[in-house]
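Asks: The sequence and its predicted three-dimensional model are supplied below.
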Amino acid sequence: MRVAELISFTGYQLQEKLLSRELTAQEVVEGLFANIEEVEPIVRAYLLLDREGAVRKAQEVDARLKKGEKLGPLAGIPVAVKDNICTNGLRTTCASRILENFIPPYDAHVIERLKEADAIIIGKTNLDEFAMGSSTENSAFKLTRNPWDPKRIPGGSSGGSAAAVAAGTAFIALGSDTGGSVRQPAALCGVTGLKPTYGRVSRYGLVAFGSSLDQIGTITRDVRDSALLLQIIAGRDSRDSTSADVPLPDYLKELEKPVKGLRLGLPREYFMEGLNDEVRKAVEEAVKVYEGLGLSVKEISLPHTPYAVAVYYIIATAEASSNLARYDGVRYGHRTPGAQNIIEMYSCTRAEGFGREVKRRIMLGTYALSSGYYEAYYLKASKVRNLIRQDFSRAFETVDFILCPTSPTPAFKLGERLANPMEMYLCDIYTIPANLAGIPGISIPCGFTKENLPIGLQLMARHFEEAGLLKVARAYERETEWHLRRPV
Ligand code: GLN
């Protein structure tokens, strides 16, 4: 089979071909690495590639298949993993100098699940340092480029995972989403990104950024693959006390069920100034597709939306300042040599180890939590967060799903927003509210701009309604072909 054909498959298609023995896992891995050799020098999605480990696992899968053994549901399927998810024995850097040489002695919960499912872990993907950013430009190690236009950013912070899935250097990938980091890069790279409900997937082994917001999500080529991957990683894990004990539906089985009669809400506040015209038109076209499928559509209001970005940047930075206190050069990670005393060691280590954006956030967060300011900032933000959550509960009394753009603009040029943090923060204006409320959201491709840049459509649902969310996303996908386009 030609490499070009092989790398065009989804995970689900690969699974069929592996089980019918039309392809071996080793052929899949070799074909994938052939494409990586060609494409990776341009896209630069990976911080680490584990070719040897991948080939070894592929051989094991093939040998067991040959013996007629029953394998896990992802047997032989290569998966790329964002580099803030711990992988036993494989360097995990968070794209930060402070963790440049950190090799975790354990696997994250999701990695254990992937391994039990017999998936093949091929490498670790680039991100904004500690997942702080929207363009992957805050990585301490490299810039990742958008496969649709290498002069542009892939989005962030899971930019490496999204770019790899779009470029055919991965079939499926894991990312993390604190304020939009799975959905926004998926939208900008023309792939599918799912952020599950807070608590649906264990955060054990995900390097913490904003602990009340962080959630691991999937980046795939279509909705079916999202269902496939979510099924593996979701579910209760006692090592994450916020992981929820809620029954797990059969996501693939729910996927093709009818959607007629379901109610969609379009939040007025998401279609105001700042929204790019081509994005607006594409989303409006998507609404027509849903109407054609027999869903009802009405305008709704989420009145506290204008506060979401401000609230997020208080809560996320406050939590980050506390979470990142552990990087002090004592037990692991970078340590500046030659300091005269421990205070000097701490401050030199942190000054050298963290990049600009991470330092900015640690300072903002520490300020928001400090005595005298706590009530004015952190406590106030927590209260407004509750109002945002209530906006959604109220909306879900009259609609089943919320439909809106994922990102206000398509992918912008490398460097374009680096000088102005505020402009960068506004990238996530439509994705942040779901994290604040803890509800699930998905981004699926819904069109292209005149410059051939992908546009993403976002759907949001009630807590733990991933099955419905995937079903409604899949219904759109069946009617359209945007998700089948690949960059040249
Ligand atoms: N872009 C947002 C931020 O910089 C969201 C990042 C994320 O979801 N990890 O915080």
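Replies: Perfect, I can see it now.

Asks: Gly265 - that's part of a strand, no?
Replies: Yes: assessed by DSSP: H, G, I helix; E, B strand; the rest coil, Gly265 belongs to a strand.

Asks: Quick one: neighbours of it, just the number.
Replies: When neighbours are counted by other CB atoms under 10 Å, Gly265 registers 22. In this view, the C-beta of every residue, glycine as well, is placed from N, C-alpha and C.

Asks: please begin residue numbering at 889 from this point
Replies: Renumbered: residue one is now 889, and that last one reads Gly1153.

Asks: contacting residues around it?
Replies: Applying CB atoms under 8 Å, 6 or more residues apart in numbering, one finds that Gly1153 lies in contact with 1185-1188, 1283, 1286-1287, 1289-1291.

Asks: among these, which are in helices?
Replies: If you go by DSSP state H, those have 1283, 1286 in helices.

Asks: Reformat the contacts of Gly1153 as a markdown table; add pLDDT.
Replies: A markdown table is the format used below for those (pLDDT from 0 to 100):
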| residue | pLDDT |
| --- | --- |
| Val1185 | 98 |
| Lys1186 | 98 |
| Glu1187 | 98 |
| Ile1188 | 98 |
| Ala1283 | 98 |
| Thr1286 | 98 |
| Val1287 | 98 |
| Phe1289 | 98 |
| Ile1290 | 98 |
| Leu1291 | 98 |
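
Asks: ok, so of the contacts of Gly1153, who is nearest the ligand?
Replies: If you rank the contacts of Gly1153 by distance to the ligand using CB to the nearest ligand atom, Ile1290 comes first, at 18.7 Å.

Asks: Can you name the residues that contact that closest one?
Replies: Contacts for Ile1290 (CB under 8 Å, 6+ apart) come out as 1152-1155, 1188, 1190, 1280, 1283, 1347-1349.

Asks: Okay, Ile1203 and Ile1188: tell me how far apart.
Replies: The spacing between Ile1203 and Ile1188, counted by CB to CB, to the nearest Å, is 24 Å.

Asks: what about the two, which has more around it?
Replies: Looking at Ile1203 and Ile1188 with other CB under 10 Å, you find the greater number of neighbours at Ile1203, namely 25 against 21.

Asks: can you tell me the helix or strand for that one?
Replies: Secondary structure from DSSP states H and E places Ile1203 in helix 1196-1211.

Asks: Would you list the phi and psi of the residue nearest the centre of the chain?
Replies: Nearest to the geometric centre of the chain sits Val1070, at 2.1 Å (CA atoms, centre = their mean). The phi/psi pair for Val1070 (degrees, to the nearest 10) reads phi -100, psi -50.

Asks: quick one: it and Ile1107 touch, right?
Replies: Yes: counting by CB atoms under 8 Å, Val1070 does reach Ile1107; the two are 6.2 Å apart.

Asks: Which residue comes closest to Ala1046 once chain neighbours are left out?
Replies: For residue 1046 the amino acid is Ser, not Ala. Once flanking residues are discounted, Ser1046 sits nearest to Gly1063: 3.1 Å by CB to CB, 6 or more residues apart in numbering.

Asks: wait, is the one you found part of a helix?
Replies: No: with three-state DSSP as the criterion, Gly1063 is assigned strand and is not in a helix.

Asks: How about the residue nearest to the centre of the chain: what's its closest non-neighbour residue?
Replies: Leaving aside its sequence neighbours, Val1070 sits nearest to Gly1105 (CB to CB, 6+ apart; 3.7 Å).

Asks: Can you name the residues in contact with stretch 992-1007?
Replies: When contacts are defined by CB under 8 Å, 6+ apart, stretch 992-1007 is touched by residues 945, 949, 959-967, 969, 973-978, 980, 1009, 1062, 1089-1094, 1104, 1120-1121, 1125, 1127-1128.

Asks: Off-centre distance for it?
Replies: 18 Å (CA atoms, centre = their mean, to the nearest Å).

Asks: tell me which residues of that stretch are tucked away?
Replies: Residues of stretch 992-1007 classed as buried by neighbour count (16 or more other CB atoms under 10 Å): 992, 995-1003, 1005-1007.

Asks: follow-up on the earlier one: what is the three-state secondary structure of the residue nearest to Val1070?
Replies: Secondary structure state of Gly1105, per three-state DSSP, is strand.

Asks: That one bridge partners, please.
Replies: Gly1063 (DSSP bridges).

Asks: State the distance from the residue nearest to the centre of the chain to the ligand.
Replies: Going from Val1070 to the ligand by CB to the nearest ligand atom, to the nearest Å gives 7 Å.

Asks: so what's Asn976 closest to, chain neighbours aside?
Replies: Asp995 (4.5 Å).

Asks: Please enumerate the strands of the protein.
Replies: Here the chain has its strands, by DSSP state E, at 934-937, 966-970, 1008-1013, 1060-1065, 1080-1083, 1103-1108, 1151-1155, 1184-1188, 1289-1293, 1329-1336, 1342-1349.

Asks: ok now do the nearest residue to Ala1050 once chain neighbours are set aside, which residues does it touch?
Replies: The shortest distance from Ala1050 to any non-neighbouring residue, by CB to CB, 6+ apart, is to Pro1073 (3.6 Å). Shown in contact with Pro1073 (CB under 8 Å, 6+ apart): 1024, 1042-1047, 1049-1051, 1063, 1081, 1107.

Asks: quick one: Pro1073 and Lys1338, what's the gap?
Replies: From Pro1073 to Lys1338 the distance is 22 Å (CB to CB).

Asks: Report all helices and strands that the helix or strand of the chain with the lowest mean pLDDT contacts.
Replies: Lowest mean confidence among the helices and strands of the chain (mean pLDDT, DSSP states H and E): helix 1309-1313, at a mean of 88. For helix 1309-1313, there is no helix or strand it packs on, judged by 3 or more CB pairs under 8 Å, 6 or more residues apart in numbering; DSSP states H and E.

Asks: Just the buried positions in it, please.
Replies: For helix 1309-1313, by 16+ other CB under 10 Å, it's 1309, 1312-1313.

Asks: Need these in a markdown table (columns: distance to the ligand).
Replies: Below are those laid out as a markdown table (distance: CB to the nearest ligand atom, whole Å):
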| residue | distance to the ligand |
| --- | --- |
| Pro1309 | 9 |
| Met1312 | 7 |
| Tyr1313 | 7 |
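
Asks: between the residues you listed, which is closest to Glu1207?
Replies: Proximity of the buried residues of helix 1309-1313 to Glu1207 (CB to CB) peaks at Tyr1313, which lies at 16.0 Å.

Asks: Stretch 1075-1084 and the ligand, any residue contact?
Replies: No: judged by CB under 6 Å from any ligand atom, stretch 1075-1084 stays clear of the ligand, getting no closer than 8.5 Å.

Asks: Can you pull the residues of the stretch 1039-1188 of the chain lying near the ligand?
Replies: 1045, 1065-1069, 1097.

Asks: Among those, which lie within helices?
Replies: Among these, no residue falls in helices (DSSP H).

Asks: Tabulate the residues you listed (a markdown table), appending pLDDT.
Replies: Shown next, in a markdown table, are these (pLDDT from 0 to 100):
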| residue | pLDDT |
| --- | --- |
| Ser1045 | 98 |
| Asp1065 | 98 |
| Thr1066 | 98 |
| Gly1067 | 98 |
| Gly1068 | 98 |
| Ser1069 | 98 |
| Phe1097 | 98 |
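
Asks: In those residues, find the pair that's most separated.
Replies: By the measure CB to CB, Gly1068 and Phe1097 form the most distant pair in these, at 12.5 Å.

Asks: Specify which residue of those two has the higher count of neighbours.
Replies: Between Gly1068 and Phe1097, Gly1068 has the larger neighbour count (other CB under 10 Å), namely 32 against 26.
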